[in-house]
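Asker: Return atomic coordinates for the entry below.
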Amino acid sequence: MDEERYQRGWEMLRRIDGEAGERVMAGLESIAPDLARYTIEFPFGDVYARPGLDLRSRELATVAALTALGHAQPQLKVHLHGALNVGCTREELVEVIIQMAVYAGFPAALNGMATAKEVFRERDARQKPEA
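Answerer: Numbers count the residues shown, from 1 in each chain. Sure thing, here's the model as predicted:
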């Protein structure tokens, strides 16, 4: 069962985060391999794989939660990329972050928006053709 959870988790992580997720896990495995495995098995192998919400909805909820925390910019950055990878639009992500100003406060929303701006800039830079 654990190996099945792990494989399902890896597949889900790749669908959402692609190579970025693999890099995060590789960095974590070098210092805390058990935590890396738990991260793959539980959030991605169990929770993200559940029926009831599609990946877009799960990523929007995750972006909202990480924005509301106000101090999880590295994780928010990964999940903003993931949300875009599974079909969320920039406009939807901006609206979710603005919504968090009501419930988590302006500092959390401002931090979230700064992180979104960084993610959008990175993606735009990757899409520009080389000269």
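
Asker: ok, the spatially closest residue to residue 94 that is not a sequence neighbour - contacts?
Answerer: The shortest distance from residue 94 to any non-neighbouring residue, by CB to CB, 6 or more residues apart in numbering, is to residue 116 (6.5 Å). Backbone N, C-alpha and C define where each C-beta goes, glycine included. Residues near residue 116 by CB atoms under 8 Å, 6 or more residues apart in numbering: 80, 90, 93, 94, 97.

Asker: Nearest the middle, which residue of the protein would you pick?
Answerer: residue 79 (1.4 Å; CA atoms, centre = their mean).

Asker: Low-confidence stretches in the protein?
Answerer: 1, 129-131 (pLDDT under 70).

Asker: now the helices for it?
Answerer: 2-31, 33-39, 55-69, 73-85, 90-104, 106-127 (DSSP state H).

Asker: one step back: which one is the residue nearest to the centre of the chain nearest to, not counting chain neighbours?
Answerer: Per CB to CB, 6+ apart, closest to residue 79 is residue 62, 4.8 Å.

Asker: Same question for residue 41.
Answerer: Using CB to CB, 6+ apart, the closest residue to residue 41 is residue 5 (4.5 Å).

Asker: Residue ranges of each domain in this protein, please.
Answerer: 1-50, 53-131 (automatic domain parsing).

Asker: ok, back up a step: pull the contacting residues for the residue nearest to the centre of the chain.
Answerer: 59, 62, 63, 66.

Asker: repeat that for 10 Å
Answerer: If you count contacts by CB atoms under 10 Å, 6 or more residues apart in numbering, residue 79 has them with 16-17, 58-67, 72, 85, 93, 115, 119.

Asker: One more: residue 43?
Answerer: Here residue 43 is in contact with 9, 12, 13, 49, 58, 62 (CB under 10 Å, 6+ apart).

Asker: how does it look with 8 Å?
Answerer: residue 9.

Asker: now do residue 45
Answerer: By CB under 8 Å, 6+ apart, residue 45 lies in contact with 4, 5, 6, 7, 8, 9, 10, 12.
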